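*Asks:* predicted coordinates and the sequence they were generated for:
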Amino acid sequence: MMPPRTNLATGIPSSKVKYSRLSSTDDGYINLQFKSPPKIPYKAIALATVLFLTGTFLIITGSLLLVGYISKERADQAIPVLIIGILVFLPGFYHLCIAYWASKGYWGYSYNDITDFGD
């Protein structure tokens, strides 16, 4: 003779579990079935990458000009190059971070936070 079945999650024998009918308005569908995968803004991510790399290049160049490693007579151009580099670097870094966190599925971040340029 077999032992009675039990619900493994709660340890209750299946003969004591109460079942009920679904309501007549339930059509068997849930909203998650119809949710499409997120649209990835490739152009915006490419632009953010270009901004990030350009800003990084300008910051490094401005730092080397400021220290005098590249040219001692052009040290007066170091500050504008650094400022432009920072202004270009920050939005690129910000949007790349959002794209990374959205790709990893962190709560609160989605590709909708990145401008998609009307694609």
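*Replies:* Thanks, I have it. Residues are numbered from 1 along each chain as shown.
*Asks:* packing partners for the helix or strand containing S103?
*Replies:* Using DSSP states H and E, S103 maps to helix 78-104. Applying 3 or more CB pairs under 8 Å, 6 or more residues apart in numbering; DSSP states H and E, we find helix 78-104 packed against helix 42-67. Quick note: C-beta positions are derived from backbone N, CA and C, even for glycine.
*Asks:* list the buried residues for the helix it packs on?
*Replies:* 44-45, 47-48, 51-52, 55, 58-59, 61-62, 65-66 (16 or more other CB atoms under 10 Å).
*Asks:* before we move on, back to that, average pLDDT for the helix holding S103?
*Replies:* Averaging pLDDT along helix 78-104 gives 89.
*Asks:* need the contact list for the residue nearest to P80 when sequence neighbours are not counted.
*Replies:* For P80, ignoring the flanking residues on the chain, the nearest one in space by CB to CB, 6 or more residues apart in numbering is G62 at 8.0 Å. Counting by CB atoms under 8 Å, 6 or more residues apart in numbering, G62 touches 78-82, 85.
*Asks:* same deal with T115?
*Replies:* Neighbours of T115 in contact, by CB under 8 Å, 6+ apart: 41, 44.
*Asks:* numbering from 34 from now on, please.
*Replies:* Right, with 34 as the first residue, what we last looked at is T148.
*Asks:* give me the three-state assignment for it.
*Replies:* Classification of T148 using DSSP: H, G, I helix; E, B strand; the rest coil returns coil.
*Asks:* equivalent analysis for K105, please.
*Replies:* coil.
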